[in-house]
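>>> Any chance you could fold what I've pasted below:
(2 chains)
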Amino acid sequence: TVNLNFLLCVSNCEYMNMFKNQIHTVMSAFPPVVEAGTPVHGNDEVERHLVLVEKVAYSKGLPPEAISVMLEFAMSLRMGTVLCARVLRCLIPATVVPQEAVVRAVVWLGVGKIPMSTQVLFIKWVLTMFDMIDGKDQLRAIYGFIFSFVTEENLCPFICHLLYLLTRKESGKSFSHLRYGPFIQRFPQFYSYSLFLPFLMHLLSLYKVLCPELVTLSIPSRMRWVRNHNSTWKSTLIGVQKRNGSQAASSIGLAFTIKDKASSRKRKHTHLQLPALSSVVNKQPQSEPSSSRKLVPLVQLHSFAQLLENMHHIELPAQMGSLLGSSLALQYLDFVQDESALLRLNFWLGYALYEEFLFCGDGGGFQNSDEALQFLNKLLSTENFLQGGFTSSEAFLYKFLTVWDGSLLRPQILALLSNIPVVPSSQIGRLLFEPLMQLFFTSSVFFKCGLVECLNSMLLKWLTWHSVFCLTLCSALCPRNMTLSGFKDSVMDLVHFVGQLASVGLQLEGCHSLLLSFTLDFYETVCDMFLKYGLPLVVMPPPGVFYPTLFATDPISVDRLAYIMYRYKVNLASAKSQEKLTEAFHISSQTFHEFNHYVVVMVNSLWNSRMFKPDMDLKLSEELLLKSSVPQHWTSFDLIHHPAFMSYAIDFHQKVSVDHIGNRPFFSLPPLQAFLYWCQGALKQGKVIMSLTLSLVPD
Amino acid sequence: MICVLFSSAARTPTNSVVVERRSKSSKSYRQSYRSCVGAASRLCFTPGFTARRLNASRRAPKSHNVTDKVNPQQLALLMKTEWQLSYVTPLYQFRHTQLKSYSRQLSAFIAAEKQQGLAVEVEGAQSSFRVSISVVQGMVEADDDAETVLIQIHSKLLFAKKDEPQRPVWSGWLTCINGNPDYLRSLPEDFTCLPLFCSSGGEGLTAVVKSWFQQTFDCCFGTLEINHTSLQWLAALWTNCHAESSIQHLKMIWTLPVAPPLQVTYTVDPHDAWQLWSSVRKDPREESKGGEEAEEENSIDIEEVMEFMQGLKGHFYRHFRLDLSAGSLKQVTTALGSAKYSGKIKISNSRYMITTFTLLTECALLKMPL
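Take a look at the predicted model:
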């Protein structure tokens, strides 16, 4: 009976152009071809068409003609009941729903072959789409027919709602002389159906307003429809209309009060919502008599002053997850250090993170990354507030790193990673380094920079934690009962790891100056571990970091290397003098040796113009050097000829020849020294001068 | 003889293939993502960095006479129902002694929630839901396991007459069978660990019950699938019982990632399954020679399970040139029970339910965030 021309209808809709061809094939496949009783099971063609229809419906919505055909197809059960519900679920109109289609579908309800759950689904669909139906007159014309479904137990609430929406004064009047008059009069007998009653009463109250002479019952005055029946459709519909830029979107808003937007999202993914801050329902009876003072629920506190006042008799909320949203509560949590409370918070947090990023079977978590972003930001600000990471977020990260693509929410994940507390040396490789190494070598240079920065910030946090807690010898505050040597091992592992990453990373990225800069940031932290953080540990950078920096083409990197070497020297010298006094620790002679070697190399190449001499690390064969025909190749990396400083040298040279005598004090110095001072000024925060004071530390 | 059946309802003669295709192309990306995570999610670290994995070896199911320990009426409530599984994080301040009060609170909570859900707000509508929460005495194995808790909700139907009795509309239970003792002991006393939640009934009520538990005991509920490995375990464990209690058939449903996806229903004759299983067993007789003690320790290794599955797959390949190892197991059914990947389980024979629920408890504990 369906004879709609789909080619026509689809071509009318401009926004459907993209899908025009597909839709045409789909639609032409559905009504005329499908014979009643065609098997659904294993029918790949139907499946393919349906998937396409769903795709269009969820992205753009279906044009009115498509709605008619699909509705007819579904309600006629031409291909059984399974497809019926599935089709109904994707009937999202792009513009309007043709009234005729709805009327015809209601008629199919009367045939009685459709399963009850599907019938309910259909009426819910009509209710949701009510304002999109292009006319109501024909529906009102079959008011009586719709009314007859009121006696259907499961349909009753929805039918009542639908009737409520359809009822007009005239329709009320028309019943009075039709057969429904007596029926309404007999309503009181429905009293026995306790749950059924409210819907009918509500409808009756409307009749009473419209035709008071018909209804003689007393109706309670306080009644209202509470909610709309299907939120999934509604949210999809709003999404579709937003995408289509249709003005119809606003009309929906009027008809259905969107009570809470968050929960109208897919119900499945509610785990990122913070629970409400509420007080405990189940008061522990045994605790009440003993404590004479009254416990104050956290909900009732609104200021820090109130918090201080009630500090010792505060009741934690029923759901600890709610604390994440309240800074006042976090202050209290930081104060109490209650193991159970923290564990509850950790369980909730871990659950939310796992469900969102690890267990999200249908990939739903990644679709609403906006929400995930907000959640992680909130978590980060909490961790920053408490100055430490949560155990559950740590456990989560260890798992997540193995499946992370390195780009999803990168700043947040890296920030969370940097909050990880000290990991024992025995575990650090498996938990952190292995997954990070894989990510590092397979990602862009920006990820590499981000990771090195993150590890630098992790090291800083570890060192700060060490200098604050472990020096006070308060072992209770030391998580994981870590000993000093254990801590040293972990730090050493981390420094070596970054050394390895940076060596290979610099090679892979052609000594990318951004990556080099982040690497040098890291070594600025490392070289001062002893003096700044009191950790008796000095680790030198590997050759893969030292040499690319020494021969870098930008002056800032070379300058920073000189500064780092200078700080190493100060630290080593200080360690040496303390070692003599206390003998509490020992810096291996290997470290001194490495340091001295680097200094010799630096001084030889920059100052003494002894590049490529036999005692240097870098050896090039004589023939090769001759072949290069670089005159005086041994001077090519001294301060004046170094590629990083060449431009300064030229600049300096010009300056000197222009100001002939020179009005600056340092021009009276020997030329090289004058050049260095000048460079320092040119580099603004230059540290080159430091290398002047570099000297060897005896091993 | 091993009989192969494909998913059409009719039983086809051996060696004839009816291949059912079901396109789920829209889900293929999601599935591949899940499988990638599935492997990783088996690893879990407690704060102490101990890696937890699914046990590689477990005791052979013994015919437990659960009826000796558990009230048969209560046991009957747990049987023959298809349960939807969830995992639950430990319950905070849950007391087995206060179940009566919990029942009252939950029924009030349901009434309040239902009131919100109704299209019309009515004053003075009396609660039409009756909740009973009770302990299933004896439904434990190890000393550290918390007692199983059963929740039942009764209600009157909309059109029921006044004197008609209330009918059960929803039931669910929280359990912990042979939970990892190290994990259970690591929890502070305030926490009760009942990691496995089975529910059966309307989704609406399930959501309400879950949300009451969340608000009252500060716990979280997440879906628990029975993954590929666990399903293989169940297939082997159930087959292992055949000598004592007939499994009647071993039916497996596999899906293969081809476009469009292929679903294969593979039904094996119980004797053939048993024979295959016996052949891969690492000489259980030898072990049992050591007397009763050794039989107590009679255990099944993952290698044996894998070998058993390999045998089944190999047989299938010989007949149909289709390698099932490319696909994944979605469902296992025997006369003892059925389990689905989606986390649905049905137990038809109480004698082996302890073994099954030990495995499921383990899966639930693996999902714990800490």
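>>> Ramachandran angles for whatever residue of chain A ends up closest to chain B?
Of all residues in chain A, the one sitting closest to chain B is A:G350 (2.4 Å; CB to the nearest CB). Every C-beta, even on glycine, is put in place using the N, C-alpha and C of the backbone. Note on A:G350: backbone dihedrals following degrees, to the nearest 10 are phi -60, psi -40.
>>> need the contact list for it.
A:G350 makes contact with A:390, A:392-393, A:395-396, B:368-370 under the criterion CB atoms under 8 Å, 6 or more residues apart in numbering or on different chains.
>>> hmm, try it at 6 Å
Under the criterion of CB atoms under 6 Å, 6 or more residues apart in numbering or on different chains, the contact list for A:G350 reads A:392, A:396, B:369-370.
>>> farthest pair in those?
When CB to CB is used, the two most widely separated members of the contacts of A:G350 are A:F396 and B:L370, lying 9.6 Å apart.
>>> Might one say that A:A101 is in contact with A:M70?
No: the pair A:A101 / A:M70 is not scored as a contact, 8.9 Å apart, by CB atoms under 6 Å.
>>> which strands and helices sit next to the longest helix along chain A?
Looking across chain A with DSSP state H, the single longest helix is helix A:555-582. When contacts are defined as 3 or more CB pairs under 6 Å, 6 or more residues apart in numbering or on different chains; DSSP states H and E, helix A:555-582 sits against helix A:513-527, helix A:529-533.
>>> Out of the helices and strands in chain B, which is least certain?
Confidence across the helices and strands of chain B bottoms out at helix B:28-41, with a mean of 26, counting by mean pLDDT, DSSP states H and E.
>>> How about the backbone phi and psi for A:F359?
Taking degrees, to the nearest 10, you get phi -100, psi 0 for the backbone angles of A:F359.
>>> for chain B, what spans make up the helices?
Secondary structure of chain B by DSSP H: the helices cover B:28-41, B:66-69, B:72-78, B:99-117, B:181-186, B:203-217, B:228-240, B:270-280, B:284-288, B:292-296, B:302-320, B:353-366.
>>> Select, out of those helices, the one closest to chain A.
Using CB to the nearest CB, the nearest of the helices of chain B to chain A is helix B:28-41, at 4.7 Å.
>>> Next, count neighbours for A:D44.
A total of 14 residues lie near A:D44 under the criterion other CB atoms under 10 Å in any protein chain shown.
>>> Correction: the previous question concerned A:D493.
Burial of A:D493 is recorded as 18 neighbouring residues (other CB under 10 Å).
>>> Which helix or strand contains the closest residue to A:R86 other than its chain neighbours?
In space, A:R86 comes closest to A:L50 once its chain neighbours are excluded; the distance is 6.9 Å by CB to CB, 6 or more residues apart in numbering or on different chains. Here A:L50 is covered by helix A:44-59, with elements defined by DSSP states H and E.
>>> need the next SSE after that helix, C-terminal direction.
Read in the C-terminal direction, the helix or strand following helix A:44-59 is helix A:64-75, with elements assigned using DSSP H and E.
>>> separation between A:M116 and A:I123?
Plainly put, A:M116 is 11 Å away from A:I123 if you go by CB to CB, to the nearest Å.
>>> The two - which one has more neighbours?
Taking A:M116 and A:I123 together and counting by other CB under 10 Å, A:I123 has the greater number of neighbours (23 against 11).
>>> just checking, the more buried one touches A:F158?
Yes: if you go by CB under 6 Å, A:I123 and A:F158 touch, sitting 4.1 Å apart.
>>> Now do B:R59: how many residues are near it, please.
Residues contacting B:R59 under the criterion other CB under 10 Å number 15.
>>> quick one: pLDDT of it?
Predicted confidence (pLDDT) at B:R59: the value is 76.
>>> what sits opposite it in the beta ladder?
On the basis of DSSP bridges, B:R59 is bridged to B:S299.
>>> likewise B:F129?
On DSSP bridges, the residues paired with B:F129 through beta bridges are B:S155.
>>> distance of it from B:F109?
Distance, B:F129 to B:F109, by CB to CB: 10 Å.
>>> what do you get for A:V69?
If you measure A:V69 against B:F109 using CB to CB, the figure is 45 Å.
>>> which residues of chain A fall in strands?
All strands of chain A, identified by DSSP state E, fall at A:296-297, A:314-315.
>>> Direction included, what does the last one pair against?
Translated: strand A:314-315. With DSSP bridges as the test, strand A:314-315 is paired with strand A:296-297 (parallel).
>>> Show residues contacting the strand it pairs with.
For strand A:296-297, contacts defined as CB under 6 Å, 6+ apart pick out A:279, A:310, A:313-315.
>>> let's see it at 8 Å
Taking contacts as CB under 8 Å, 6+ apart, the residues outside strand A:296-297 that touch it are A:279-280, A:310, A:313-315, A:317.
>>> Columns pLDDT and neighbour count on top of those, output as TSV?
Shown next, in TSV, are the contacts of strand A:296-297 (pLDDT from 0 to 100; neighbours: other CB atoms under 10 Å in any protein chain shown):
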residue	pLDDT	neighbour count
A:S279	70	15
A:V280	69	18
A:N310	83	19
A:H313	81	11
A:I314	83	19
A:E315	82	16
A:P317	83	23
